[in-house]
Each structure stands twice: as structure tokens, then as C-alpha cells.
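Undergrad: What follows is a predicted protein model with its sequence.
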There are 2 protein chains.
Amino acid sequence: MPKIVDHATRREEIAEALWRVVRRDGIRAASVRTVAAEAGWSAGAVRYYFPDQDGLLSFAMDLVSRRVTARVSAVSAKGSVPTIVLRYLDEVLPLDAERRAEFEIWLAFMAQAQAESGAGTLHALVDRVHNELRELCTLLINALAENELLRDGLDVRREIERLHAVLDGLALHAAIQPAHSTPTRIRQLMRHHIESLLGVTVDPTP
Amino acid sequence: MPKIVDHATRREEIAEALWRVVRRDGIRAASVRTVAAEAGWSAGAVRYYFPDQDGLLSFAMDLVSRRVTARVSAVSAKGSVPTIVLRYLDEVLPLDAERRAEFEIWLAFMAQAQAESGAGTLHALVDRVHNELRELCTLLINALAENELLRDGLDVRREIERLHAVLDGLALHAAIQPAHSTPTRIRQLMRHHIESLLGVTVDPTP
């Protein structure tokens, strides 16, 4: 019986090698050749899966998006609504090595998209992940609003934008000064932000 | 009488040429040679002011910091404390081309510092500007606290961190999706954030 090659796993292996190259040397250094070297593969083997750099970059950014989506989908819906909201937010804050790597990759893509003016592949990829995060914020603020947990006078649309800003601001600070903006601290700040929208203390159950 | 060369102006000219190169091609593209070409100077003339790339990058980042400081120092102290606080924040949000360029430069330095692990020149420069912004947030939240304008139960240290996160989050969003996060919108969101700390509406005088 012929060996069954798990193509999905191989593609992820290549994307992860690309993550390592981007995090170490920047996006400009990522090519089929350098990524093949990082993965310990031949350039031809990488090209079998990704004929060009654009396809490779798209898949690597896609992997960020799919990992976040997978974690978010697995979030337990037990407990009070604010507790569940915070649990979702935990999955998109850079609280551990995996989530930090995802944010760093997104940051690298974003910075490079900025440098490349106009609407290129990178712009589209960064945009997509940015919109996905805004959709999550929309979902969470709506959940609070529908359960009548938001403080009086708060505007739902504005709170979606503010939550999104706090989320990206905290993630950015954790990337810039990890010793100052520790996982514990950014988690506490996020909890405090959600509490400030409720005007009540969130049930401390995990 | 010999021509008086304004060395300070020349150094700023070079730093601005470096900004253009970094914004267009990324930090890795910035060298004494490419910056000289951008400024229309000889490499020798640039080296007279900046013997190496580290000195050039430091000065370019320094220019961001000095421009922000100059604008912040010029902020009028007329009006209510919340109005003055918002006026300060206007100076550090990317509301016009100049402030957008400053943020983009900082972002480019930051992303490159992330890619270069360890404590290099870029890390130190990014750290300094990050700390300066946190100091401004400290000053503003303290001003609200000392004038007894903060809502009961708010923790000053936590609000400094949250304001800093909102500020960088909004700036990041303006850089990623300028059509969505317009100057008007990020200004409104910032005003809303400050108002939420006061629990009262800020006097709408400019």
C-alpha cells in the first residue's frame, strides 16, 4: 500500500517554517527558497504546494486566521455572558507563545503592507484578519447588549470600535514591552474594560 | 562673508528623506546610500552628518519624538481640563498627513525591532517613544484625577494603561483601514473614551 501523504499537514509545516522566517528576518526575506531551507525541504518540494511567494504568504496568513477561528469555535459557553465574552477575548489576546506568534506574524504583514503602497496581496490579507477581529468584537458587544448588560447610554457601534481598539492596543503593547505588558496585566486590563461597559463586577469564575 | 550652513536644517532634511525611504521601501532599504539618493545628495555629504546607519535611524526616530514634543508643548491650556486633555491627545493621534507619517515611521521601526530579536538600537528607539507616550497618558490621567474629574472607583494606574492602549489601537486602525477609521471617527472615539472616564459630557468648545 503506498504511503499516504497528508497534504494538509505538509502545507501547515511549510506555513510554520514561513512564520519562523518572517519573525526572524522579516517578510522580505521570505521566499520559496528560504522557506524550503528553513523547513529542511527542497525548493521543488515547496513549489509543489506553493508555486509562488504570493500563494505562500496567503496560506501563512490564512493559517493565523484558521487557528484563531478554531480556538474561538472551541470556547465553552458555560457561565455568565460577561465570563463567556472574556473567554473569547482571551483567545485573541497574545497570552501565550502560540497567540504571540500569530500576532507577530499579523504585525509583520501589516507593517509590510504599509510600506507597499496600493492594494496588493498583503493589504487584502491584513484587511481580512482585521475585519474578522472586528466581527468578533461585534458579536461580543451585541451579546452584552442583547442580554441587557450594557450600561445605559452606551452606543453599541461605538463600543465595538472601542473594544477593537483596546484589543489591538493591548496586543501591540505586549509585543513592544512584554516585561511591562505581561499576559496577566493585559488580561486584567481587558477584564476591567469589559466591566466598565457593564457597570458591575464580572463573576470571577474562570 | 561665508555662507552659513544651517546644520540642524540639513540634518532634518536627511531624516525626512529617510522617512520617505522607510515608508516606501521599509527600514531594510534605508542606508546612507539610498537616503543620499532620495535627498539628492552625495553619500559623502550624508556621511558628514551621519557616519553610519545606526546614527541615521536614531536621528530619524528622534525627529518623530521631537516633533510630537514640540506640538504637545504648544498645546493651549485654555478651557476645561477635559478639553485640554483631548487637545493633547489630538496631537498624538494620526489626524493629518504629518501625524500619520510619524506613526507610520514608528510602526515600521517597531515591526523591524520585532523581527530583530534581542536588544538592538531599534528596540531602544521604539522603547523610548513608547515610554514617552505612556508618560503623556500618565500626565493626562493624573490631571483628571487631581481635578477630581475621574469617576469613583477608577484606578489611576489602570486608566493610564487603558488610555495608552486605546490611543495606540486607534492609531493602528487608522493606519490599517484609513477609509474606515477616519480622523473624525478616531477623534470621536477618543472623546467618548475620555467622557466614559468622567461620567459627564465634555464641554464641546474646541
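TA: On my side now, so go ahead. This structure is a prediction, so every number in the text was calculated from the model and none was measured. Numbers count the residues shown, from 1 in each chain, chains lettered A, B, ... in the order given.

Undergrad: for the longest helix along chain A, which positions count as buried?
TA: Looking across chain A with DSSP state H, the single longest helix is helix A:121-146. By neighbour count with 16 or more other Cβ atoms under 10 Å in any protein chain shown, helix A:121-146 contains the buried residues A:121-123, A:125-127, A:129-130, A:132-134, A:136-138, A:140-141, A:144. Using the backbone N, CA and C atoms, a C-beta is placed for each residue, glycine as well.

Undergrad: Kindly report the same for stretch A:52-61.
TA: For stretch A:52-61, a neighbour-count test (16+ other Cβ under 10 Å) marks A:53, A:56-61 as buried.

Undergrad: Same check on stretch A:167-181?
TA: Result for stretch A:167-181 [16+ other Cβ under 10 Å]: buried residues A:167-177, A:181.

Undergrad: For that stretch, C-alpha coordinates in PDB please.
TA: C-alpha atoms of stretch A:167-181 as PDB (Å, rounded to 0.1, in the frame of the first residue of the first chain):
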ATOM      1  CA  LEU A 167      -7.800  44.700  22.000                       C
ATOM      2  CA  ASP A 168      -5.200  45.700  19.300                       C
ATOM      3  CA  GLY A 169      -3.600  48.300  21.600                       C
ATOM      4  CA  LEU A 170      -3.000  45.700  24.300                       C
ATOM      5  CA  ALA A 171      -1.700  43.200  21.800                       C
ATOM      6  CA  LEU A 172       0.700  45.800  20.400                       C
ATOM      7  CA  HIS A 173       1.900  46.800  23.900                       C
ATOM      8  CA  ALA A 174       2.500  43.100  24.800                       C
ATOM      9  CA  ALA A 175       4.700  42.800  21.600                       C
ATOM     10  CA  ILE A 176       6.600  46.100  22.300                       C
ATOM     11  CA  GLN A 177       7.300  45.700  26.000                       C
ATOM     12  CA  PRO A 178       6.500  42.100  27.100                       C
ATOM     13  CA  ALA A 179       8.100  42.700  30.500                       C
ATOM     14  CA  HIS A 180       5.700  45.600  31.200                       C
ATOM     15  CA  SER A 181       2.500  44.400  29.400                       C
END
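
Undergrad: Residue A:83 in helix, strand or coil?
TA: At residue A:83 the chain is in helix, as set by DSSP: H, G, I helix; E, B strand; the rest coil.

Undergrad: Relative to residue A:147, how far out is it?
TA: Residue A:83 sits 12 Å away from residue A:147, going by Cβ to Cβ, to the nearest Å.

Undergrad: can you check residue A:86 too?
TA: Shown here: residue A:86 relative to residue A:147, a distance of 14 Å by Cβ to Cβ.

Undergrad: out of those two, which sits in the busier spot?
TA: Higher neighbour count among residue A:86 and residue A:147: residue A:86, with 22 against 12, using other Cβ atoms under 10 Å in any protein chain shown.

Undergrad: Hmm, the more buried one is touching residue A:190, no?
TA: Yes. Assessed by Cβ atoms under 8 Å, residue A:86 is found in contact with residue A:190 at 6.9 Å.

Undergrad: circling back: can you confirm whether the longest helix of chain A lies near chain B?
TA: Yes. Judged by Cβ under 8 Å from any Cβ of the partner chain, helix A:121-146 and chain B are in contact via A:126-127, A:130.

Undergrad: What about the buried residues of stretch A:52-61, which are in helices?
TA: Reading helices off the buried residues of stretch A:52-61 with DSSP H, I get A:53, A:56-61.

Undergrad: In chain A, where is pLDDT below threshold?
TA: Counting by pLDDT under 70, chain A contains low-confidence ranges at A:1-4, A:116-119, A:199-206.

Undergrad: could you pull out the strands for it?
TA: In chain A, no strands are found when defined by DSSP state E.

Undergrad: ok, how many other residues are close to the nearest residue to residue A:33 once chain neighbours are set aside?
TA: Distances taken as Cβ to Cβ, 6 or more residues apart in numbering or on different chains place residue A:43 nearest to residue A:33, at 5.2 Å, with adjacent residues excluded. Applying other Cβ under 10 Å, we find 14 residues neighbouring residue A:43.

Undergrad: Residue A:43 touches residue A:50, doesn't it?
TA: No. Using Cβ under 8 Å, residue A:43 makes no contact with residue A:50, being 10.6 Å away.
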